[in-house]
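Engineer: Below are the sequence and a predicted model for it; my questions follow.
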Amino acid sequence: MSFQRTVSLNHIVYCFPMLLELAVQFGPAISANHLRNLLDKERDIKCIEINESEDRLVVDSTLPVSTLLNLIRSQGFPTLFRGASSDADGMKACDFGSGVAVLSEGGKVCGVCRLFQPSDEVLLVDASADGLFPEHRISMAIHSFGDISNDATSCGEILPTTEGTAQLGTVQADSDGHASWLVENTTLKLWNLIGRSVVLHDLTTCSRIACGIIARSANISSNPKKVCACSGRTMWEEHAANPVG
């Protein structure tokens, strides 16, 4: 039997922990000791490693990644997601730890969707988007093709599954045009989704408004680079230029 739920962001925790790697920009006023003291107060986070010289943090956490990032950033620590590990048997032959789709509308980045397979039974989807029409109902779905050459119109139809379709839930954008999704799905498997696309649908206007190709995201410790080979900018400069996710 399949199961899916879309949940609110009010202190939701998962029933199983995930090993996550984050990049944290330390400084004189925000040291590793400050960060450790912060994490020690959180019952849903177990600090595994803090390496100040490498801007590296590894935690075992039942918090959604978006919640974890917001928590650390709110205390003054610039923080980026770097990688995840999985205990799923289906992921053992994969050279990636999670999936990610950068959502764009007309070439402009507006959101990010992260996909995790912590076990063979459950796919976790953690997504957010900005710049939406306030109060509009927005649905998110996985589409069959990863062709975004004509924005979301070239992504094909919603991916069919044995239990229906790859609909990931509907939420209402807030008054600022922001929307977030946390989804637990027992039908979809991450290793079958790489190369397909995530599409946002505005149900009020009956239109596809944003999309992104589902790409592989790194395992723990497999993404040490700090400078983008394409732009020559550091990861912090890249994030400052595109502060999404």
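Structural biologist: Sure thing, it's come through.

Engineer: Can you tell me, leaving aside adjacent residues, what's nearest to residue 180?
Structural biologist: Closest residue to residue 180 apart from its sequence neighbours, by CB to CB, 6 or more residues apart in numbering: residue 128 at 4.4 Å. C-beta here means a position set from N, CA and C on the backbone, and glycine is covered the same way.

Engineer: strands paired with the helix or strand containing that neighbour, and their directions?
Structural biologist: Secondary structure assignment for residue 128, by DSSP states H and E: strand 123-129. For strand 123-129, the paired strands and their directions (DSSP bridges) read strand 108-116 (antiparallel), strand 179-185 (antiparallel).

Engineer: Need the CA coordinates for it. PDB is fine.
Structural biologist: C-alpha atoms of strand 123-129 as PDB (Å, rounded to 0.1, in the frame of the first residue of the first chain):
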ATOM      1  CA  LEU A 123      11.200   9.200  -0.300                       C
ATOM      2  CA  LEU A 124      11.400  12.600   1.400                       C
ATOM      3  CA  VAL A 125      10.800  15.700  -0.500                       C
ATOM      4  CA  ASP A 126      11.800  19.100   1.000                       C
ATOM      5  CA  ALA A 127      11.100  22.100  -1.300                       C
ATOM      6  CA  SER A 128      10.400  25.800  -1.300                       C
ATOM      7  CA  ALA A 129       9.700  28.500  -3.800                       C
END
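
Engineer: now it, how far from the centre of its chain.
Structural biologist: Here strand 123-129 shows a centroid-to-chain-centroid distance of 5 Å under the convention CA atoms, centre = their mean, to the nearest Å.

Engineer: for stretch 187-197, same thing?
Structural biologist: 14 Å.

Engineer: Kindly report the same for stretch 36-55.
Structural biologist: Per CA atoms, centre = their mean, the centroid offset for stretch 36-55 relative to its chain is 20 Å.

Engineer: hang on, the earlier thing: which of the strands paired with strand 123-129 sits closest to residue 48?
Structural biologist: Shortest distance between residue 48 and these, using CB to CB, is found for strand 108-116: 17.2 Å.

Engineer: pLDDT below threshold where in the protein?
Structural biologist: By pLDDT under 70, the low-scoring segments of the chain are 1-15, 223-232, 235-237, 239-245.

Engineer: again, 50 this time
Structural biologist: Along the chain, the model assigns pLDDT under 50 to residues 1-11.

Engineer: relative to its centroid, which residue of it is most remote?
Structural biologist: residue 28 (29.5 Å; CA atoms, centre = their mean).

Engineer: which of the residues in the next helix or strand after the strand holding residue 128 are buried?
Structural biologist: In the C-terminal direction, the helix or strand that comes right after strand 123-129 (DSSP H and E) is strand 137-143. Under the neighbour-count criterion of 16 or more other CB atoms under 10 Å, strand 137-143 has 138-143 buried.

Engineer: Next: stretch 43-60.
Structural biologist: 44-45, 47, 50, 55-59.

Engineer: Could you do stretch 208-221 as well?
Structural biologist: 208-214, 216-220.

Engineer: Tabulate these (TSV), appending secondary structure and distance to residue 91.
Structural biologist: Formatted as TSV, the buried residues of stretch 208-221 follow (DSSP: H, G, I helix; E, B strand; the rest coil; distance: CB to CB, whole Å):
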residue	secondary structure	distance to residue 91
208	strand	30
209	strand	31
210	strand	27
211	strand	25
212	strand	21
213	strand	20
214	coil	15
216	strand	11
217	strand	12
218	coil	13
219	coil	9
220	coil	12
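
Engineer: In a markdown table: these, plus distance to residue 72.
Structural biologist: Compiled in a markdown table, these are given as follows (distance: CB to CB, whole Å):
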| residue | distance to residue 72 |
| --- | --- |
| 208 | 33 |
| 209 | 30 |
| 210 | 26 |
| 211 | 29 |
| 212 | 24 |
| 213 | 28 |
| 214 | 26 |
| 216 | 24 |
| 217 | 19 |
| 218 | 19 |
| 219 | 21 |
| 220 | 17 |
